[in-house]
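Peer 1: turn this into a structure:
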Amino acid sequence: MVIRLALLVLLLAFPARAQDSLRLILPDTRPVAGEMIPVTIRGEYTGAITLESMTFPGSESYDWVQYAPDHWAEERINGLPRRVFERRVAVFAKGPGSLTIGPVTHRLTKATPAGREDVPVTAPPVTIAVDPYPGGGRPLVTPQLTITDELSADPAFLNEGETFVRRVTLSAEGTMAQFLPQRPGLDENWLISFAAPEIRETRLTQRGPLAVAVWEWHLRLRGEPGTLVPLQFPFFNTIARKMWSAVTLPLEVGATGAAGDTTAPQAGTGTLALALLAGGGLLGAGLLLSDRRPAGGRVRSLLRRLCPNPHRAALQAAAQAGELAALRRAARAYADHERAAGRAVDEAALARLDRAMFGPPGTAQDFDAAGVVAALTRQDGHRPS
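Peer 2: Reported below is the predicted structural model:
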C-alpha cells in the first residue's frame, strides 16, 4: 500500500503530458473586418524534441500569413526549465461577426529512453468579435498608407507629342497586397496613356506584412493642356480608428510648355494677370537699363512676390482629406515657394506637422491640420478658403 501511494504521488507531481501546453494569444482589441489580428502561437514543452510540424488551419472566414520565422528558446517557467516555441501569424477577417481561429495542433517527436515518441499538442480554438468595415468597397485597414508619386519630367513643361513617365507606389503597413485598391485609371481625352504591368506584393517584416503596389504609366500630351486630378485612396486608420484618405497632388500637364493653351481664365483674373505681366515687363526693362548686372533673377523674385503661391490649393486639399504624407509634401513645396518669394515661413507649423508624421503612435490623433494650413498661409496675403 505504501509503494502504491508513493507511485501515485510521483505521478501527480510529474504529469508528463500535462506539462506540454500550446495556446493561441490574441490582443485584447475589437478589430474591423480586414484589420490585421496578430496571433501568437505559444508552446511550452518538456523533454528532447527532435522533430516538429505545425499547419495553421485555413478558413473561409479569414485570410492569414506567417510574417516571422518560428522562434525557439530555453526558459524557466515556475522555476522549471521549458523549451518554448512561438510562431507569429497575421489573421484578416473577411467580414464582421464572431471569428473563430483554431484549433491548432503541434506534432512533436520526442526522444525518450524507450525510443522516439510522437506527441501531438493541441491549442483550443479562440473567438474574437469583429466589427464591420466602415468604408465601402474592398476593405483597406492600416496605421499608415504611403503614396510616392514619381515623375520622369515636369509635366507642366510638356509639349504636344512629348511623353513622360508617372510611377505611383502605394504601401500599407499591417495588410496584404490583395487588400490594396485596384489600379486607378488615367483616361483623359487630351492624354494618351500606356500602362506598364502592375507590381503587387506582400513583404514580410518583424512588425507584420507590408503591402506594396506599383503602377506606372507612359503619358503623352495630345491636344490642349489639362489637369490630372488627385488620386484618392480611402482607408481605415487603425491609430485614429476612423476613415482617412490618402491623396496625391494634382498634375498640370502642358500648362506651361504646350502652345495654344485655350484654358479660359477664372473670372476677375484676366486684368490682374495682364497687370502683373505688364508691370513685370516694365520693371524688368527698368532694371536692365539702370543696372549693368543681369536682372533676370531679380525680376523673377519680384514676380514670385506678386503672384500667389501655386501650392495653396494642394495644401488645403491634403488637409481636408486628412492625409499626413500628402499634406507634408504640399507643405514643403508651399514653404519652398514662400522662401523663394522672400516671405516668412512659420517653421513651428512645419515642426508640428513633422511630429505628427514621424512621432510615436498616437501622436497624430490630436493633430490640427487646419491650424497648420492657417499658420502657413497667414503670410501670403490670401486667407485659406
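
Peer 1: contacts only, for the closest residue to R183 other than its chain neighbours.
Peer 2: Excluding the flanking residues, the one nearest R183 by C-beta to C-beta, 6 or more residues apart in numbering is W215, at 5.0 Å. For the C-beta atoms, the positions are set from N, CA and C on the backbone; glycine is no exception. Shown in contact with W215 (C-beta atoms under 8 Å, 6 or more residues apart in numbering): R167, V168, T169, L170, R183, P184, A195, A196, E198.

Peer 1: what residues sit buried inside the helix or strand that contains W215?
Peer 2: Following DSSP states H and E, one finds W215 within strand 208-221. Within strand 208-221, the residues that qualify as buried are G208, P209, L210, A211, V212, A213, V214, W215, E216, W217, L219, L221, counting by 16 or more other C-beta atoms under 10 Å.

Peer 1: for W72, see how far away the third one is.
Peer 2: Put plainly, it is L210. Separation of L210 from W72 (C-beta to C-beta, to the nearest Å) stands at 25 Å.

Peer 1: which of the residues in the host helix or strand of R339 are buried?
Peer 2: Per DSSP H and E, R339 falls inside helix 324-340. Neighbour-count burial for helix 324-340, with 16+ other C-beta under 10 Å as criterion, is recorded at 324-331, 333-335, 337-338.

Peer 1: check stretch 173-190 too.
Peer 2: Within stretch 173-190, the residues scored as buried using 16+ other C-beta under 10 Å are E173, G174, T175, M176, A177, F179, L180, P181, R183, L186, E188.

Peer 1: next step: those restricted to strands.
Peer 2: With strands taken from DSSP state E, the overlap with the buried residues of stretch 173-190 comprises E173.

Peer 1: okay, the buried residues of stretch 173-190 in a markdown table with distance to V345 and pLDDT next?
Peer 2: As requested, the buried residues of stretch 173-190 are exported to a markdown table (distance: C-beta to C-beta, whole Å; pLDDT from 0 to 100):
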| residue | distance to V345 | pLDDT |
| --- | --- | --- |
| E173 | 31 | 96 |
| G174 | 35 | 96 |
| T175 | 36 | 97 |
| M176 | 40 | 97 |
| A177 | 39 | 96 |
| F179 | 38 | 96 |
| L180 | 35 | 96 |
| P181 | 35 | 95 |
| R183 | 37 | 95 |
| L186 | 33 | 90 |
| E188 | 35 | 89 |
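
Peer 1: contacting residues for A153?
Peer 2: Residues near A153 by C-beta under 8 Å, 6+ apart: F164.

Peer 1: do you know how far it is from F164?
Peer 2: 4 Å.

Peer 1: what does D28 give?
Peer 2: 50 Å.

Peer 1: name the residues that touch the host helix or strand of L204?
Peer 2: Using DSSP H and E, L204 sits within strand 199-205. Contacts to strand 199-205, defined as C-beta under 8 Å, 6+ apart, come from residues 65, 67-68, 176-178, 180, 209-214.

Peer 1: now the strands for the stretch 1-150 of the chain?
Peer 2: Ranges of strands within the stretch 1-150 of the chain are 21-25, 36-45, 48-54, 62-66, 71-77, 80-93, 97-101, 104-112, 115-123, 126-130, 141-142, 145-151, based on DSSP state E, counting those that start in this stretch.
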